[in-house]
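J.: quick one: sequence plus predicted model below, questions after.
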Amino acid sequence: DAGITQSPRHKVTETGTPVTLRCHQTENHRYMYWYRQDPGHGLRLIHYSYGVKDTDKGEVSDGYSVSRSKTEDFLLTLESATSSQTSVYFCAISVGTSGSKETQYFGPGTRLLVL
Amino acid sequence: DAKTTQPPSMDCAEGRAANLPCNHSTISGNEYVYWYRQIHSQGPQYIIHGLKNNETNEMASLIITEDRKSSTLILPHATLRDTAVYYCIVRFSGGGADGLTFGKGTHLIIQP
């Protein structure tokens, strides 16, 4: 499982409330990612990080922000949750730094329901 | 990254070899072929990847055609636990932080 944990694993919240999801890794890998998965869409990249305090947007970043103040933690925040953000969220790390050694490994996921 | 085409679903009998095809006719010379799978409700699991040569690990074998326009993932002795959605992904090998692009994959169902 590449030492990736996500918390919480399940969350139910109400529209308009802030929500923060945490991804934690134990192996000090540089690159970390947040994806969401919805029926009919597969996994889509939200944000990624290439180091402490270095982050960038992915395909579906609107409504999300991220922070990485330590190598091991990558936080995803929904400032004001909406029902369209009901989804399963996966964190991933990239192992290796170049070429064929750069393989992504995924966490177990967080199921978020926004009512 | 080049696009891939996979059949939406396949069946295979338990104990037999499961052969999952993937077309990637627009692949470029510096792009690798990766395979992941996702068992229901779990995070995607890395299986194998390759550039030109065939590859084998403890989970599967990857056969890439000489022109690199298609590949086949082989699970040599499928079990019921191999039932999952399998994704073929083509990805630039130059490193960097870009994410993976997942298509719809192939839903492989292993029949008892």
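T.: It's in. Residues are numbered from 1 along each chain as shown, chains lettered A, B, ... in the order given.
J.: please name the residues that touch B:Ala17.
T.: Neighbouring residues of B:Ala17 by CB atoms under 8 Å, 6 or more residues apart in numbering or on different chains: B:Ile74, B:Leu75, B:Pro76, B:His77, B:Ala78. Bear in mind the C-beta positions are built from the backbone N, C-alpha and C, glycine included.
J.: bridging residues for the first one?
T.: Beta-bridge pairing for B:Ile74 (DSSP bridges): B:Asn19, B:Ser61.
J.: ok, it - how many residues close by?
T.: 16 (other CB atoms under 10 Å in any protein chain shown).
J.: residues in contact with it?
T.: Neighbours of B:Ile74 in contact, by CB under 8 Å, 6+ apart: B:Ala17, B:Ala18, B:Asn19, B:Leu20, B:Ala60, B:Ser61, B:Leu62, B:Ile63.
J.: hmm, which of those are the buried ones?
T.: Among the contacts of B:Ile74, the ones that count as buried by 16 or more other CB atoms under 10 Å in any protein chain shown are B:Ala18, B:Leu20, B:Ala60, B:Ser61, B:Leu62, B:Ile63.
J.: which one of those residues sits closest to chain A?
T.: Ranked by distance to chain A (CB to the nearest CB), the buried ones among the contacts of B:Ile74 are led by B:Leu62 at 12.1 Å.
J.: what kind of secondary structure is B:Arg81 in?
T.: Classification of B:Arg81 using DSSP: H, G, I helix; E, B strand; the rest coil returns helix.
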